[in-house]
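1. Can you look at this prediction? I've put the sequence above it.
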Amino acid sequence: MRKIIINEGVHEELDPITLRPTGAIVSIEEMVPSPKWLSGVMKAGDLTEDEALVILANKDLPTSTKYEIVDVDTLPDGYFRDAWEYVTGGVAEKTSNDLSDSEKSIIGMGPLEEDTPPD
């Protein structure tokens, strides 16, 4: 069973005639992890698929973004995905955070050189 991350995304809607922004509309964005990255993180941190996907969300989504981890098989046909709306407040909803030090070490993101204390 393959899982992906879906999250709320804000995109500007353009007037079809003037091509000027009419305001923001909310849509759904999908994050599909590379199988190689996902399996590497799962092995490196002895993690479940869901735990590895939480690290991916924390790494790639802006802090405080609402998201859910869903099975691909539960999603409707992709033809109408542009018409989807993300409804916040679901039971499975999570919020992205800054990466913790342990998450950084699992994915190989150590401290930056300037953050490393001198010897």
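-> Noted; the coordinates are in hand.
2. From what I see, Ser64 and Thr95 are in contact.
-> Yes. Using CB atoms under 8 Å, Ser64 is in contact with Thr95, at 5.8 Å. C-beta: built from backbone N, CA, C; applies to glycine.
3. At which residues are the helices of this protein located?
-> 35-45, 49-60, 101-106 (DSSP state H).
4. Provide a list of residues in contact with Val32.
-> Val32 makes contacts with Ile4, as judged by CB atoms under 8 Å, 6 or more residues apart in numbering.
5. mind checking how far it is from Gly45?
-> 20 Å (CB to CB, to the nearest Å).
6. Now do the contacts for Ile69.
-> Contacts of Ile69 (CB under 8 Å, 6+ apart): 3-5, 50, 53-54, 57, 92, 94.
7. which of those residues count as buried?
-> Buried members of the contacts of Ile69, counted by 16 or more other CB atoms under 10 Å: 3-5, 53-54, 57, 94.
8. which residues does the closest residue to Glu49 other than its chain neighbours bridge with?
-> The shortest distance from Glu49 to any residue other than its chain neighbours is 5.9 Å, reached at Lys3 (CB to CB, 6 or more residues apart in numbering). On the basis of DSSP bridges, Lys3 is bridged to Asp71.
9. Also the one 5 residues further on?
-> In this structure, Glu8 has the following beta-bridge partners (DSSP bridges): Ile28.
10. now it: how far from Lys43?
-> 31 Å.
11. Out of the two, name the residue with the larger neighbour count.
-> Set Glu8 next to Lys43 and count neighbours by other CB atoms under 10 Å: Glu8 wins out with 18 against 11.
12. Double-check that one against Leu61; I have them as touching.
-> No. Taking CB under 8 Å as the definition, Glu8 is not a contact partner of Leu61, at 9.8 Å.
13. Residues that sit against both of the two, list them.
-> Residues touching both Glu8 and Leu61 (CB under 8 Å, 6+ apart): Tyr67.
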